[in-house]
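[1] 3D model of this:
(one chain, ligands or ions: 1)
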Amino acid sequence: MVMGAGMGKRVLVIEDNRDNMTLIVDILSEFDYEVFQAFDGEAGVAMAEKETPDLILMDLSLPRMDGWAAARAIKANPDQKDIPIIALTAHAMIGDRERALEAGCDDYLSKPLNLSQLLSKLNTYLNS
Ligand code: MN
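    Modelled structure (predicted):
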């Protein structure tokens, strides 16, 4: 993994935990992704519509609209349905992952996030 791996690809992060958000934004910025932030599900859906990002990282437990509902809303929009959505799930919550895939998420990552897994997943969906 090298600096600049993101090549300016646009990633929307929907996450209500400010510490997690800061961590993700710092990592992605360092690797040359352009990052958009939303702190609840409704704001995330609106931001996805406004910015049409290349990929979305979606926390599941979110205020106002949870991550499953937000994923469904985004995937129901014909202009947005091809945007890959990667759910961020608590490690033990196996059922959450299955529900995330059912809601239209393309994949998931376990929290706490592992840096190399995150970058590898982004690379899989954005640079292949
Ligand atoms: Mn959360």
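[2] and Phe36, that's in a strand?
    Yes. Phe36 forms part of a strand when assessed by DSSP: H, G, I helix; E, B strand; the rest coil.
[3] how about it, what does it touch?
    Applying CB atoms under 8 Å, 6 or more residues apart in numbering, we find Phe36 in contact with 10-13, 47, 51, 53. (Glycine included, C-beta is placed from N, CA and C.)
[4] residues in contact with the helix or strand of the chain with the lowest mean pLDDT?
    Within the chain, no helix or strand scores below helix 94-102, which has a mean of 89 by mean pLDDT, DSSP states H and E. Contact with helix 94-102 is made by 58, 60, 67-68, 71, 87, 89-90, 108, as judged by CB under 8 Å, 6+ apart.
[5] Now find how far off-centre it is within its chain.
    A distance of 15 Å separates the centroid of the chain from that of helix 94-102, by CA atoms, centre = their mean, to the nearest Å.
[6] Please identify the buried residues of it?
    96-97, 99-100 (16 or more other CB atoms under 10 Å).
[7] Check stretch 46-66 too.
    Buried residues in stretch 46-66 (16+ other CB under 10 Å): 47-48, 53-62, 65-66.
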